[in-house]
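K.L.:
Can you look at this prediction? I've put the sequence above it.
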Amino acid sequence: QVQLVESGGGLVQPGGSLRLSCAASGFTFRNYVMTLSWYRQAPGKERELVASITEIDGSTKYTDSVKGRFTISRDNAKNTVYLQMNSLKPEDTAVYYCNVVKTVRTVSYVYWGQGTQVTVSS
């Protein structure tokens, strides 16, 4: 059974840093064509893509508001994807969700974590 478990959220002051982790179980990263992503959802807003990384070549994408501040990475040995968040702003406050899209032949399987709260406040 596939499971994604996020950790690392919490309360931080503006300008601070946090590192989110998403540990996957039930499959091995390097065995599949995958896109690993972090999304976030603030109260009253739609869920938005924050950052993604492709397994096949490690290419990354970021939403404009986090470019230069957030970094997505993965560790295949630990089956874990990370989101390093620096220079945090109050507008980064949201529940952050890990997302994995695994493609097998022509079929894509989508998995979500349970979410971890990030609050940026003084």
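P.N.:
Structure received. Residues are numbered from 1 along each chain as shown.

K.L.:
give me the element the most centrally placed residue in the chain is part of.
P.N.:
Per Cα atoms, centre = their mean, the C-alpha nearest to the average position across the chain is that of W38, at 2.5 Å. Using DSSP states H and E, W38 maps to strand 33-41.

K.L.:
Which strands or helices does that strand pack on?
P.N.:
strand 18-25, strand 48-54, strand 70-75, strand 80-85, strand 94-104 (3 or more Cβ pairs under 8 Å, 6 or more residues apart in numbering; DSSP states H and E). In short, each C-beta sits where N, CA and C put it, glycine included.

K.L.:
Direction included, what does that strand pair up with?
P.N.:
The pairing partners recorded for strand 33-41 under DSSP bridges are strand 48-54 (antiparallel), strand 94-104 (antiparallel).

K.L.:
list the buried ones in that strand?
P.N.:
34-40 (16 or more other Cβ atoms under 10 Å).

K.L.:
again, but for stretch 12-32
P.N.:
Result for stretch 12-32 [16+ other Cβ under 10 Å]: buried residues 12, 18, 20-24, 27, 29.

K.L.:
Pull the most distant pair out of those.
P.N.:
V12 and F27 (31.6 Å; Cβ to Cβ).

K.L.:
what's the first-to-last distance across stretch 29-36?
P.N.:
Start-to-end span of stretch 29-36 (Cα to Cα, to the nearest Å) is 9 Å.

K.L.:
what's next to it, contact-wise?
P.N.:
22, 52-56, 72, 74, 76, 79, 81, 98-104 (Cβ atoms under 8 Å, 6 or more residues apart in numbering).

K.L.:
Understood, closing this out.
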